[in-house]
Structure formats: C-alpha cells, structure tokens
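Asks: Structure, please.
(2 chains)
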Amino acid sequence: MKETKTKGSSGQIYSKGNQVSRLLVSAIYIVYTMIAFFVLGVTFMNSLKEKGDLATNLFSLPKKIVFNSYHVLFEKNNIGQAFINSIIITFGGTALCIFMAAMVAYGISRYDFKGRGFLGGYFLIGMMVPMQVTVLPLFLIMQKLGLLNTRLGMILLYGSSISFSMYVFAKFFRTIPMALEEAARIDGASDFKIFIQIILPICRPVIFTMALITAVGYWNDFYMPMVLLSKKSTQTLTLMIYTYLNEFVRKMDVSFAAVVLTLLPVILLYCIFSKQMVQGITGGAVKE
Amino acid sequence: MNKRRQYLFFITPGFILYTVFIIIPILYVIYLSFFEWNGLTEMTFVGMENFKLLMTDNKIAPDFWSAVKNNLKYLLCIWFVVTPLQFITAYFFYVRIPAFKYIKFMVFMPYVISTTIVSFFATIIFNPNIGILNSVLKALNLPQGSWLGDPNWTFKIFIMIVIWQSAGSGMMIFYSNLLDIPKDIMEACSIDGANEFQKFWHILLPLSLPSCASIIIMSTIWALSVFDLPYILVGSTGGVKGVLDFVNMVFYRYTFGSVLNAQSNYGFGAAISTVMLIVIIIVTAVQNKILSRFEYDN
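Replies: Coordinates of the predicted model:
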C-alpha cells in the first residue's frame, strides 16, 4: 500500500491511492446533479418563450425572449392573488408557529413544575402523527369554526404544528445559563420582558434557522391547502400549479411561468442560506 | 403575576392551539371511526362495522389490501434502498470526495422544492409525448416507453423521484452525525493501519446507528402516510393497475371523493385513518425498541 497520506481538513486521513476511485464517485454525483440544472433551466427558458415556439420545441433555446406568459398569468389568470395568499399563509403560519414554539419551549425548559415531563412528551406527539392522518377531523373542526376556505384557518393550523421547532428551541434554551435571567430578575424585569428582551435576541440564529425551514415547508405544502382551501380566491401557488399540471398540454405556457414564480423565492433563499437550512433540518446543530 | 405560575403564561397559548389542531383531531378521528355519518344527518354508532367493511367487503377490501401492499413495498424501498443510499452519500461527503461541497449543495436543493413542482419536472422528463426521455430515445432510434403509464416502470420511477426530492435531508443528518464522531478515533484507526473499508464498516457505520434510528423512524412514518407525490403524479386512483395506490389515497377517495355509495361516509374514512394511526404507533414503538439496542452511551 502506498504510504503517502493526506490529511483532510476535517481531520480524517485517506490514502492517495484512492484518488482515482474518489474522482470516479465524484463524477457520478456531478452527472446526477445535472438533472437539477436541466429541469430548472428548461423551466426557466420555457417561461420566456412565445406560445408557438413552446409548442414546437420544448427543449431548445427560445427564438425570442418574451414575457407573454407572465403577462397572461397576472392579467388573465390572477396569479397575483395566489401569490399574496401564499405569502400571507406562509408568513403568518411561520411567525405564529415559531413564536408559540419558543414560548412553550421556554416555559417547559426554564421552569420546574409538576407534569413538566408529561407536557414535554405531549408536545412531541405532533412529530409522530402526520397531518395526513388527521386531515378529516381537521376539515370538520375547520368547518365548525368557520375557518374553512380562510387564510386565517391555514395560519392557525400551521401555527399549531410546533413540535419540531419546540424540540429544537428547548434543546437550545438548556444551553443558556440561568444566571442571565436571574440578573435581569433582580433588576425587576418581568418574566415576559426577560423572554422578549434577553432570551429571544440570544437565539436569533436558531429562530432564523427554524423559521426558514418552517416557511419553506408551508410555502410548498400541497395537501392541506387542497383539502382546506377549495375556493379560488384563497388558493395558494402550489394549488394553482396543480390545476395547470392537470391540463398541462393546453396550459403549457402559463404553467412554466407559474412554476418559475413559485420556485424563485425558495431557490433564492436556498442559495443564500443553504447552510442555515441544513442546520434547521439536522435539529439546529451548528457545525462546520 | 404569581411567580410560581409564570410558566402557565408561556405554555397556555401554544397548548390551546396545539391541542385544538393536533391532539383533538387524533382523538376525534378514532371516535369517528365507530360511527356512520355523512356529515349532515345524525351520527349512528356502528361499532366495528367500518373496520369490517374496510377489511372484508368484496368491493372495498381488495383496494385497501392492495394499497397496504404498496405501502409496505414503499417502506421496504425506503429501508433497503433509500436509507443506505443516504448513508453512503453522507460517507462520501465525510471523506471529502472532490467537489463535495458543490455536490452537497445540489443534492440537498430539491428538498426546498414543492412536490407539485417536482411532479411538474417529472412530467417534463417522463411524459410519453413531450418528455425529454422519449425525445432522446427517439433520436437514438431506441424503443420509447410510456414510463409513468407503464405499470412495470411506475413504481421504479416513483422511487427515483422520491430519492431525488427527499433523500437530501436524511443525508445531511447522517453527515452531521459523522462529523460528530471524535477525530481521535479516526486517527487512531489510521495509525493502526485500518483501510478505508475497515474504517467505514467497523467504525463509521456502527457509530452512526443511533442517528439511523431517528431517520428510519421518521421516514417510516412518512412512507406510511405518503400521499402528495403519487396523487399528483398519477391521480387519485393510483395510476394504471393501481401500482401507486397507497392507503392515504384510498382514504382520500372514499372520504372527499365520495366513491362509497356516491356519498361521503366520514366514519368510514376515519376508520382508514385510524388503521393508519395504529400501524404508525405500532411500527414506531417496535422500531424504537429494536433500534434502541444500538444506542450507545458516550
């Protein structure tokens, strides 16, 4: 065996003899990543084509760059409304969810009381039971509360699925020294004031990370809006794309543009904050 | 405010919201499953009738059992194809194959893309008339396929799409856990002359099993309740020959699609959900038991 060893910057040591197989593995993955470039590129390109151009060839460069499809989407198909709905539901749901999760996590991890362990477990049930299983009762409850087909209903629903964020927040709060709050308490600050003015600012990175992945999930959600938002005036972007997908060949032009509009915000966020997003799904662990 | 009761102030709002939208629905769905109810008239208590209907009725039961079979098939694919693939990819990131940062970035990216859009991409590729796959095959004079319309291919393509869209999250969890393995263990191995394979097989893999547990439990729950992707890809009946018909789609058809006696029976729908709930609880509990054997105290 070759004795030349290279030290990887993360600490592990691998022998130079593996270099060829390493390159080979890399090459396979790089080819695989082309799929993403291909579908994203085709979609973006096609959204800028004229309808006739699009019908003749789906995979060539546009003969002429036009914004017709976007124009039709906004003028005739009212995608503006769906966009606003998606924004309101995503932001409202995320803000509520993160705030509630932080409050509950704070209450459970910073106070000692009877039933604390039970409550901790109680709030984790939501992680084990997906909403797909409870969608029927949710539909009936929404109906009863008059929240069916309302954005408020979606916001409350999304705001209630706090399990994962709560778990991450609780983990984080345990790392903050109690002395911090005690000093403020001696100065006469109320518990809520301590929470808002001292604790929340400290966990700004965690809040941001969790808000990011929560928001992406809500922006992309399909099942809940499909069941709970059947009225056209409250439908979200994903629902709109779904209806286009059902008549794809006829509505090809607008579907490409609609997909671009829905994708753009999340892809941009991902490009800027990919590290935070990965931190979010791995439970807020800060690494590398 | 009473100092001792401060925690109530923090917990109560979240508790109410969470209880109304997460906990009550779980209890409510179990309750409903014992009734016959169309949502308008009086509820009639029917005991286990809905469950009997679901499992033995000669019109409904075949649908249900074939969907259960598909769910199991999907679950096995997750356990024995997707999870190993996730781990091996995480391992490649860990040993820093060339361009691993770029690869990592691209492999995780589809995670932020909505299922509707992923299905849209699948159409661009696999649509028999306008998809790129058949266009390329035609140009190369090779036989073309109907892909998602071909029962021999549907399930395989479905798994490929699942891997493309959602394998990234598990990979990242594995990867972040691999990074947690103390460096001195790895260095000691190298000094003792362990080769790459030995390090992978005797150190990295066993030390990753605890993180495996949570990934497998979560992906199992998602596999059992899968709905969005197959529904958007092939429609509510599960495509040709029902190859992609899953329990949740049966539930959707009978509850919101009114297939049963041309009117919705919420009790019957609730029975399907309840069965799913029970299976999820049992599978999670059993997995917890088995996988916890691999937990190490370190």
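Asks: A:S161: how many residues sit nearby?
Replies: 25 (other Cβ atoms under 10 Å in any protein chain shown). Placement of C-beta: from N, CA and C, glycine included.
Asks: For B:F92, list the residues it contacts.
Replies: Contact analysis of B:F92 by Cβ atoms under 8 Å, 6 or more residues apart in numbering or on different chains lists A:V25, A:Y29, B:F100, B:I103.
Asks: next structured bit after the one helix or strand it maps to?
Replies: According to DSSP states H and E, B:F92 maps onto helix B:83-94. Later in the chain than helix B:83-94, the nearest helix or strand by DSSP H and E is helix B:100-108.
Asks: Do the next helix or strand after that following helix and chain A come into contact?
Replies: Next along the chain after helix B:100-108, taking DSSP H and E as the criterion, comes helix B:115-126. Yes: counting by Cβ under 8 Å from any Cβ of the partner chain, chain A has neighbours in helix B:115-126: B:T115, B:T116, B:I117, B:S119, B:F120, B:F121, B:T123, B:I124, B:I125.
Asks: and the fifth one, what is it in contact with?
Replies: If a contact means Cβ under 8 Å, 6+ apart, then B:F120 has A:T43, A:I241, A:L245, A:S255, A:V259 as its contacts.
Asks: Now do the same for the third one: its pLDDT.
Replies: In other words, A:L245. Per-residue confidence (pLDDT) for A:L245: 90.
Asks: Just give me the neighbour total for it.
Replies: Neighbours of A:L245 (other Cβ under 10 Å): 20.
Asks: Which pLDDT value goes with the nearest residue to it once chain neighbours are set aside?
Replies: In space, and not counting its chain neighbours, A:L245 is closest to B:F120: 5.7 Å by Cβ to Cβ, 6 or more residues apart in numbering or on different chains. If you check B:F120, the pLDDT there is 94.
Asks: How about B:L76?
Replies: 95.
Asks: and if you look at B:W164?
Replies: 96.
Asks: Can you tell me how far it is from chain A?
Replies: 7 Å (Cβ to the nearest Cβ, to the nearest Å).
Asks: buried ones in the helix or strand harbouring that residue?
Replies: According to DSSP H and E, B:W164 maps onto helix B:151-180. For helix B:151-180, the buried set under the neighbour-count rule, 16 or more other Cβ atoms under 10 Å in any protein chain shown, comprises B:153-155, B:157-159, B:161-179.
Asks: That one packs against which elements?
Replies: Packing contacts for helix B:151-180, counted by 3 or more Cβ pairs under 8 Å, 6 or more residues apart in numbering or on different chains; DSSP states H and E, involve helix A:252-281, helix B:61-77, helix B:83-94, helix B:100-108, helix B:115-126, helix B:205-224, helix B:228-234.
Asks: Check the average confidence over the helix or strand following that helix, would you?
Replies: For helix B:151-180, the succeeding helix or strand toward the C-terminus, using DSSP H and E, is helix B:183-191. On average, the pLDDT along helix B:183-191 is 84.
Asks: Tell me how far helix B:183-191 lies from the chain's centre.
Replies: On the basis of Cα atoms, centre = their mean, to the nearest Å, helix B:183-191 sits 36 Å off its chain's mean C-alpha point.
Asks: In CSV, could you pull the C-alpha coordinates for it?
Replies: The C-alpha coordinates for helix B:183-191 follow below in CSV (Å, rounded to 0.1, in the frame of the first residue of the first chain):
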residue,chain,number,x,y,z
LYS,B,183,-11.5,12.8,15.3
ASP,B,184,-9.0,10.9,17.6
ILE,B,185,-10.9,7.7,17.0
MET,B,186,-10.4,8.1,13.3
GLU,B,187,-6.7,9.0,13.6
ALA,B,188,-6.1,6.0,15.9
CYS,B,189,-7.6,3.8,13.3
SER,B,190,-5.3,5.1,10.6
ILE,B,191,-2.3,4.7,12.8
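Asks: what's the angle from that helix to helix B:83-94?
Replies: Following axes from the mean of the first three to the mean of the last three Cα atoms, to 10 degrees, one obtains 90 degrees for the angle between helix B:183-191 and helix B:83-94.
Asks: what about B:I215, distance to B:I78?
Replies: According to Cβ to Cβ, to the nearest Å, B:I215 and B:I78 sit 10 Å apart.
Asks: Just want to know which of these two has more residues nearby.
Replies: B:I78 (25 against 21).
Asks: my guess is that one contacts B:I221, does it?
Replies: No: using Cβ atoms under 8 Å, B:I78 is not in contact with B:I221; the gap is 10.5 Å.
Asks: residues near the residue nearest to A:L263 when sequence neighbours are not counted, how many?
Replies: Nearest residue to A:L263 in three dimensions, chain neighbours excluded: B:I117, at 6.1 Å (Cβ to Cβ, 6+ apart). For B:I117, the tally of surrounding residues (other Cβ under 10 Å) stands at 28.
Asks: Sounds good, over and out.
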